[in-house]
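> Sequence and predicted structure, then a few things I'm wondering about:
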Amino acid sequence: MALDHAAASALRLGSYVFFHGWSGDSFRCLVEARLRGIPSVIDVPTWHRNKGVIKPAETKSEREVRQSDRGWRDWRKHLPATRLQHLTEYDLADVLFMPSLKSAETFLAAGIPEHKLHYVGRGVDLERYRPADSAPDKFRAVFVGAVIRRKGVHHLLAAWKKLALKNAELVLVGTVHDEIKSSLDELATANVRLAGFSSSVQDELRRASVFVLPSECEGFAKVTIEAAACGLPLIATRESGDAIVDGETGWLIPPNDPEAIVEALRQAEAQPDELRARGMRARERVERLFTWDHYRGRILQGYKMALKRHRKS
């Protein structure tokens, strides 16, 4: 809120010709930009705020919260941007930067016109994230991210326990949140390793055979292209982003489906040659589409698109 306020003041007082902001942080800035005839874009980190579901401008629960306001004692609940502010930002910005095709789908479902959406995807450093020099010493599946339910960790644990693979390891890289601890207590087997937070994710990826992310909601999980850049095939949902092509760079699975994870892991472990081939194709896809140079190029195209739309309006 403080940043939005300060940046809006700068727009009001300065001689700026373009605004690029972040969804949820730019309400005042976008109002100022519109008042001053300044073209604007905003980055959307994930899905449309309504997540592909048709909702009224103010839902029943939001109205109840507003009507139960008790003054200064409830000040903290007013700090995050409201859903209505998010929706207004979508209207005010000239162009919305989409992190993934799935994200764009949720905006189209909410009635945002396609011509207002611009795909930017994500990027990865190909030097930092590169394939290992040799194959791992055992079949090793790796998950990277916040260890939470939204990313499907409980389903992954259930699938891993059911598989009961020999000479295999599941590595969970990331901070363990309280909400998942009961699942860990119930489902984690002796060959599940909690690596915790890591500042060298690339090393954990290079020690693995396959990357798994059964997330139910993401913008574009950058770790999927980091894993692909390390030559890992992916077992992931379409909701995780655009790094995975089913049967080519990995196994596409539906969210909230432990059986699908079981089957994908079983195939991956049983087909080492196919596993390596999909990993190579995953790396090639990243080289072709998801370097930081590709990302910068898409950003610049989005700027041109915003300027063109602004001139027309």
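Thanks, I have the structure now. Residues are numbered from 1 along each chain as shown.
> How about residues contacting stretch 144-155?
143, 172-177, 179-180, 183, 187, 194, 201, 204-205, 211, 213-217, 221, 223, 226-227, 237, 255-258, 261 (C-beta atoms under 8 Å, 6 or more residues apart in numbering). C-betas here are computed from N, CA, C, even on glycine.
> Narrow those residues to those that are buried.
Buried subset of those (neighbour count, 16 or more other C-beta atoms under 10 Å): 143, 172-174, 176, 180, 183, 187, 201, 204-205, 211, 213-215, 217, 221, 223, 226-227, 237, 255, 257-258, 261.
> Among those residues, which lie within helices?
Members of the buried ones among the contacts of stretch 144-155 lying in helices (criterion: DSSP state H): Ser183, Leu187, Val201, Glu204, Leu205, Val223, Glu226, Ala227, Pro258, Ile261.
> Do you have the helices of the stretch 1-150 of the chain handy? List them.
2-13, 27-35, 60-67, 83-92, 101-109 (DSSP state H, counting those that start in this stretch).
> Highest mean neighbour count out of those helices?
The highest average neighbour count among the helices of the stretch 1-150 of the chain, using mean count of other C-beta atoms under 10 Å, belongs to helix 27-35 at a mean of 21.
> Can you tell me the SS state at Ala158?
helix (DSSP: H, G, I helix; E, B strand; the rest coil).
> Roughly how far does it sit from Thr189?
11 Å (C-beta to C-beta, to the nearest Å).
> For these two, indicate the residue with more neighbours.
The neighbour comparison of Ala158 against Thr189 (other C-beta atoms under 10 Å) goes to Ala158, with 18 against 13.
> Go ahead and produce CSV holding the CA coordinates of stretch 186-206.
In CSV, the C-alpha atoms belonging to stretch 186-206 read as follows (Å, rounded to 0.1, in the frame of the first residue of the first chain):
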residue,chain,number,x,y,z
GLU,A,186,1.0,-40.1,8.4
LEU,A,187,2.5,-40.7,4.9
ALA,A,188,6.3,-39.9,4.9
THR,A,189,8.3,-43.2,4.5
ALA,A,190,12.0,-43.8,5.3
ASN,A,191,13.0,-42.9,1.8
VAL,A,192,11.5,-39.4,1.9
ARG,A,193,14.1,-36.7,2.6
LEU,A,194,13.1,-33.2,3.8
ALA,A,195,15.8,-31.0,2.4
GLY,A,196,14.3,-27.7,3.7
PHE,A,197,15.0,-24.3,2.2
SER,A,198,18.0,-24.3,-0.2
SER,A,199,19.9,-21.5,-1.8
SER,A,200,21.4,-23.9,-4.4
VAL,A,201,18.3,-25.5,-5.9
GLN,A,202,20.2,-26.3,-9.0
ASP,A,203,22.3,-28.8,-7.1
GLU,A,204,19.3,-30.6,-5.8
LEU,A,205,17.8,-30.7,-9.3
ARG,A,206,21.0,-32.1,-10.8
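> Buried residues, that stretch. List them.
For stretch 186-206, the buried set under the neighbour-count rule, 16+ other C-beta under 10 Å, comprises Leu187, Ala188, Asn191, Val192, Val201, Gln202, Glu204, Leu205, Arg206.
> Identify the residues contacting it?
Counting by C-beta under 8 Å, 6+ apart, residues outside stretch 186-206 touching it are 128-132, 142, 144, 147, 154, 157-158, 160-161, 164-165, 168-176, 184, 211, 223, 226-227, 230, 232.
> Kind regards, and thank you for your time.
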